[in-house]
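[1] sharing a sequence plus its predicted fold:
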There are 2 protein chains.
Amino acid sequence: MKQKVTLKQIAKELDVSISTVSKALKDSVEISLDTRQKVKAFAKLYNYKPNNIALSLKNRKTKTIGVIIPEIVHHFFTTVIGGVEKVANEKGYNVIICSSNNSFDKEVINLEMLASGSADGFILSVAKETQLKKDYHHIEETMSQGMPVVLFDRIIDEVVCDKVIIDDSKGAQTATNHLLSIGCKKIAILTTVDYISVGKLRTNGYLRALRAYDVPEREDLILKIEDIDNCESEISDFLKNKDIDAVFAVNELFAVTAVKVLNNQGKKVPDDIAIIGFTDGILSKHFIPSLTTISQHGEDMGVRAAKLLIDKLEGDEAATEEYRTVIIDTSLIQRQSTKKTK
Amino acid sequence: MKQKVTLKQIAKELDVSISTVSKALKDSVEISLDTRQKVKAFAKLYNYKPNNIALSLKNRKTKTIGVIIPEIVHHFFTTVIGGVEKVANEKGYNVIICSSNNSFDKEVINLEMLASGSADGFILSVAKETQLKKDYHHIEETMSQGMPVVLFDRIIDEVVCDKVIIDDSKGAQTATNHLLSIGCKKIAILTTVDYISVGKLRTNGYLRALRAYDVPEREDLILKIEDIDNCESEISDFLKNKDIDAVFAVNELFAVTAVKVLNNQGKKVPDDIAIIGFTDGILSKHFIPSLTTISQHGEDMGVRAAKLLIDKLEGDEAATEEYRTVIIDTSLIQRQSTKKTK
DNA sequence: TTTCCACACGCAAACGTTTTCGTAAGGTTT
DNA sequence: AAACCTTACGAAAACGTTTGCGTGTGGAAA
């Protein structure tokens, strides 16, 4: 089991100095053609690869982007990562992904760990717990040490940095408008508790749309779900015998669960009740009926976030000082769950 | 924007040597209590964190595990990662995730990049292209340089290393047996082309099960799909007017597509035709009807793979020499798509 | 023959740590 | 007063690179 070969070893074998080897491999004119070829042949033979760690230490940059997301088993976040990777690879950056598992502590640990040498900058969507706790010291500390941070999706208003978001409120409004436009009047919403920033924004969009259409908002048509994993019974109770003609669900899970529950209660989607979701994931696409939804364009978000970050990292001083917020357009994807039937 | 503080800076400020600072922070008895406290206070104040890069260089280990998977937007792989992270974090390892996007070249690049200093060992599931190309030099090279590799799920028989797999063939047999046991006789299979190792194994399991039940195998009931993204028309043509009472799909997508196609053709699942899938992902769980399937226990796979790798990394010489293959049990998850109706 | 200039290469510092070893100062023994 | 031992700290090497600068050798010009 041969070890990784270093410049020093090559130098010793060839009886030249380390610097000669280094320069030869870089085709420096300082070194004779003869030596250059000899060194390069030897390096190829032994499969020499410069040690990134040493390079990072020397250059004081890692050419690595750290991505921290709340959940790794989550379609939307992985699409964002896809976008980040695309841009990063183009620009010669590596991507490290860590999951906070929605835990504040793990978010802090991961960030500090990556910040202490492993990455040059960060793209991050904050954990649920962090949003609840409103403790952002780790993020601000990271930034104050000169490492740029780009927040996406679940962002924090109080932290001043680059951000990539969708207009959740507008997206929700679009969704609700769509329901209204096909003739629905009694629209229920399945949403999250308010401390989840995107949930709250989507609720607001729903309310705005209603107001714009002069539809009275009714508290009894709003369900704020805390325990996402056990939402079925909650949704079932909520929907039972309710006089409604449409449901807006702020995520895929709520949407498919609603369909399931309604089926069990003898209602047909979309004939009896229209359903619209949020996030264009696998479920929405393949479900029967396929679900009309609001696409967040996750990959685009990743692309934009990565670009913002790399701009900062390689930035001339001009770009370094200002912070930008990119708003990605959402779009309505019409599918079967909101067929116009009235 | 203050920069990251180093030992050298602390030393200068406090007018002591670098080694004194280092020792003081480690509570070495060599240093007077007085100095120790002074140094620690100062370090806390300036939020000193040792630079991981420097540590990695010095210790010649990174305490990082590299994970390379074919697709990041894929439920099964992300569950495996979940398992890896669990173990890794317990043992003080960081996890770096890279996606090969099923491209051989990107797999090579990622592996070489991580191998040149960023990770101590690897957990990897090979890209489709790699399986097709049968070029494993990058993996063997990595291992020959002393970095352990654990292969999982999409493994390579020819490469000698630790492996974590499920018994795909047995799982498929279980699935097929289940269909047979509820009275199905004419069972079609939707599978992949043979160069995908797991696809081939599952096809074999299906055939074995048929033979064990003395059911004649029929070529016209086997569909090997190459282009996964456009499988719907292919499946539709294949299933049209076919006299069958069950379908075994080797992945979730094929399974839900089959249900969809059958619905369109006026057949009901499970009443007219039973369907069983493979992989217990979001789709299977939430689909209507919910899909009976074979669970691969992805998280377990990740856990086992991580343990194998860490054993090798921290191993006494004994463990270092032998290679183990862990086979994770699959289990049948019965849901609505194979309700016993006959 | 002396002076000069390419040429081809080596030295050493630097990145931030840890750790082994050396050593000055001061106190305690004889 | 000489010898010795603690105590408390510093110097330096090492990990693997890159790079500016110094330098020895040889040949060409004067």
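    Cool, the structure landed. Numbering: from 1, shown residues only, chains lettered A, B, ... in the order given.
[2] next SSE downstream of the helix or strand of chain A with the lowest mean pLDDT?
    Sorting the helices and strands of chain A by mean pLDDT, DSSP states H and E puts helix A:317-321 at the bottom, at a mean of 61. From helix A:317-321 onward toward the C-terminus, using DSSP states H and E, the following helix or strand is strand A:325-328.
[3] what is that next one packed up against?
    Judged by 3 or more CB pairs under 8 Å, 6 or more residues apart in numbering or on different chains; DSSP states H and E, the packing partners of strand A:325-328 are strand A:162-166, helix A:298-313. Every residue, glycine included, has its C-beta placed from N, CA and C.
[4] where exactly do the strands run in chain A?
    Read by DSSP state E, chain A holds these strands, from start to end of the chain: A:64-69, A:94-99, A:121-124, A:149-152, A:162-166, A:187-192, A:222-225, A:246-249, A:274-278, A:292-295, A:325-328, A:331-333.
[5] hmm, who's touching the shortest one?
    By that I understand strand A:331-333. Where contact means CB atoms under 8 Å, 6 or more residues apart in numbering or on different chains, the residues beyond strand A:331-333 that reach it are A:Thr174, A:Ala175, A:His178, A:Asp280, A:Ser284, A:Thr292, A:Thr293, A:Ile294, A:Ser295, A:His297.
[6] hmm, back to that, so for B:Asp167, which of the strands of chain A sits nearest?
    Proximity of the strands of chain A to B:Asp167 was assessed by CB to CB; the nearest stretch is strand A:94-99, lying at 28.9 Å.
[7] for the closest one, the distance to its chain's centre please.
    Strand A:94-99 has its average C-alpha position 12 Å from the chain's average C-alpha position, going by CA atoms, centre = their mean, to the nearest Å.
[8] give me the contacts around it.
    Strand A:94-99 is contacted from outside by A:62-72, A:81, A:84-85, A:88-89, A:106, A:110, A:114, A:118-119, B:72, B:81-82, B:85, B:94-98, B:113-114, B:118, using CB under 8 Å, 6+ apart.
[9] quick one, which of the residues you listed are buried?
    Neighbour-count burial within the contacts of strand A:94-99 applies to A:62-72, A:81, A:84-85, A:88-89, A:106, A:110, A:114, A:118-119, B:72, B:81-82, B:85, B:94-98, B:113-114, B:118; the criterion is 16 or more other CB atoms under 10 Å in any protein chain shown.
[10] ok, and of those residues, which contact DNA strand D?
    Near DNA strand D, judged by CB under 7 Å from any atom of the strand, there are no entries from the buried ones among the contacts of strand A:94-99.
[11] one step back: want to throw the contacts of strand A:331-333 into JSON lines with distance to DNA strand C, pLDDT and neighbour count?
    Rendered in JSON lines, the data for the contacts of strand A:331-333 read as follows (distance: CB to the nearest atom of the strand, whole Å; pLDDT from 0 to 100; neighbours: other CB atoms under 10 Å in any protein chain shown):
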{"residue": "A:Thr174", "distance to DNA strand C": "49", "pLDDT": "97", "neighbour count": "18"}
{"residue": "A:Ala175", "distance to DNA strand C": "50", "pLDDT": "97", "neighbour count": "29"}
{"residue": "A:His178", "distance to DNA strand C": "55", "pLDDT": "97", "neighbour count": "21"}
{"residue": "A:Asp280", "distance to DNA strand C": "44", "pLDDT": "95", "neighbour count": "24"}
{"residue": "A:Ser284", "distance to DNA strand C": "48", "pLDDT": "96", "neighbour count": "25"}
{"residue": "A:Thr292", "distance to DNA strand C": "53", "pLDDT": "97", "neighbour count": "25"}
{"residue": "A:Thr293", "distance to DNA strand C": "48", "pLDDT": "98", "neighbour count": "31"}
{"residue": "A:Ile294", "distance to DNA strand C": "46", "pLDDT": "97", "neighbour count": "28"}
{"residue": "A:Ser295", "distance to DNA strand C": "44", "pLDDT": "97", "neighbour count": "19"}
{"residue": "A:His297", "distance to DNA strand C": "39", "pLDDT": "97", "neighbour count": "19"}
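[12] could I get those as JSON lines with distance to A:Asp237?
    Conversion of those to JSON lines gives the following (distance: CB to CB, whole Å):
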{"residue": "A:Thr174", "distance to A:Asp237": "29"}
{"residue": "A:Ala175", "distance to A:Asp237": "23"}
{"residue": "A:His178", "distance to A:Asp237": "27"}
{"residue": "A:Asp280", "distance to A:Asp237": "28"}
{"residue": "A:Ser284", "distance to A:Asp237": "24"}
{"residue": "A:Thr292", "distance to A:Asp237": "25"}
{"residue": "A:Thr293", "distance to A:Asp237": "24"}
{"residue": "A:Ile294", "distance to A:Asp237": "26"}
{"residue": "A:Ser295", "distance to A:Asp237": "30"}
{"residue": "A:His297", "distance to A:Asp237": "34"}
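[13] from the residues you listed, which is closest to DNA strand D?
    Comparing the contacts of strand A:331-333 against DNA strand D with CB to the nearest atom of the strand places A:His297 closest, at 39.0 Å.
[14] what about A:Gln334, neighbour count?
    By other CB atoms under 10 Å in any protein chain shown, 16 other residues sit near A:Gln334.
[15] same check, this time on A:Asn177
    A:Asn177: 18 surrounding residues under other CB under 10 Å.
[16] next, work out how far apart the residue of the stretch 201-342 of chain A found nearest DNA strand D and A:Met143 are.
    With CB to the nearest atom of the strand as the measure, the residue in the stretch 201-342 of chain A that lies nearest DNA strand D is A:Glu314; the distance is 16.4 Å. According to CB to CB, to the nearest Å, A:Glu314 and A:Met143 sit 17 Å apart.
[17] in terms of neighbours, single out the busier of the two.
    When neighbours are counted by other CB under 10 Å, A:Glu314 and A:Met143 differ, and A:Met143 comes out ahead with 19 against 13.
[18] good, we can wrap up now.
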